[in-house]
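Peer 1: here you go, sequence then predicted model.
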Amino acid sequence: MSAAVVETPLRRTPSRREGVVLLGGVALAMLVSFAVASDRMTWAMETVWVMLALPWLALDRRLAPTRLLAWLLALHALVLIEGGAYTYAKAPLGEWLRDVLHTQRNPWDRVGHFVQGFVPAMLAREVLLRNTPLRPGGWLTYLCIAAALSFSAFFELIEWWSALALGADADAFLATQGDVWDTQWDMFLCLCGAIASLTLLSRVHDRQMGFRVG
């Protein structure tokens, strides 16, 4: 049986200073990544989502996310920026992880696809709670997972179209590193990220959204 949900009128959003720090930090990371990027086309393809979202969130206060989502979006942006600056096959944090985990490939793309489920699932949750009659429960969880997976599948289509259009020039963007199951791994890790996010953060998110679950 679903727990009773009581709605309160307040949604907890970042303070003005906190918002400036988050947006400014991501913007600074974008500038630094552009400066160090060896492949500007790959940089643009990896960071286009940040370029689209950053001014939108900065200029439209009606879109102000909860504090939780704001920090998650900043984290996701930094993961994308790292991959764009160095490419996912050569990302320094991925090289460090490869040494720690003793893997044969740079796993930063795996991290990126896990985060691609972890953060968009919470984004979908907030959008649905703010704009539909849905409230915390099974249907909300299912739709958030479905939204994250559909975004992941769309991203795989973008990679396919890039490969068709650019040929070998798209290799850095694809970052398959010779793994024939790369696409399946990407979507599986997105699924794992979405489930982990909703399992770990839903109650915190409910409180920040102004719901009290009893």
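Peer 2: Arrived safely, thanks for sending.
Peer 1: tally of neighbours for Cys192?
Peer 2: For Cys192, the neighbour count with other CB atoms under 10 Å is 14. Where C-beta positions appear, they are placed from N, C-alpha and C, glycine not excepted.
Peer 1: also Ala77?
Peer 2: Ala77: 24 neighbours (other CB under 10 Å).
Peer 1: can I get stretch 64-76 in CSV, CA atoms only?
Peer 2: Extracted as CSV, the C-alpha positions of stretch 64-76 are listed here (Å, rounded to 0.1, in the frame of the first residue of the first chain):
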residue,chain,number,x,y,z
ALA,A,64,14.5,27.0,-10.5
PRO,A,65,15.1,23.4,-9.5
THR,A,66,15.2,22.0,-5.9
ARG,A,67,18.6,22.2,-4.2
LEU,A,68,19.0,18.5,-4.7
LEU,A,69,18.4,18.7,-8.5
ALA,A,70,20.5,21.8,-8.9
TRP,A,71,23.5,20.0,-7.4
LEU,A,72,22.8,16.9,-9.5
LEU,A,73,22.6,18.9,-12.7
ALA,A,74,25.9,20.6,-11.9
LEU,A,75,27.5,17.2,-11.3
HIS,A,76,26.2,15.9,-14.6
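Peer 1: mind listing what's buried along that stretch?
Peer 2: Pro65, Thr66, Arg67, Leu68, Leu69, Ala70, Leu72, Leu73, Ala74, His76 (16 or more other CB atoms under 10 Å).
Peer 1: got a markdown table for these, with distance to Val36, pLDDT and secondary structure too?
Peer 2: A markdown table is the format used below for the buried residues of stretch 64-76 (distance: CB to CB, whole Å; pLDDT from 0 to 100; DSSP: H, G, I helix; E, B strand; the rest coil):
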| residue | distance to Val36 | pLDDT | secondary structure |
| --- | --- | --- | --- |
| Pro65 | 29 | 89 | coil |
| Thr66 | 32 | 93 | coil |
| Arg67 | 30 | 93 | helix |
| Leu68 | 30 | 95 | helix |
| Leu69 | 29 | 94 | helix |
| Ala70 | 26 | 92 | helix |
| Leu72 | 25 | 95 | helix |
| Leu73 | 23 | 94 | helix |
| Ala74 | 20 | 94 | helix |
| His76 | 20 | 94 | helix |
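Peer 1: can I get those residues in CSV with distance to Met51?
Peer 2: Formatted as CSV, the buried residues of stretch 64-76 follow (distance: CB to CB, whole Å):
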residue, distance to Met51
Pro65, 18
Thr66, 23
Arg67, 23
Leu68, 23
Leu69, 19
Ala70, 18
Leu72, 18
Leu73, 14
Ala74, 15
His76, 14
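Peer 1: from those residues, pick the one nearest Leu201.
Peer 2: Nearest to Leu201 among the buried residues of stretch 64-76: Leu68, at 6.5 Å, using CB to CB.
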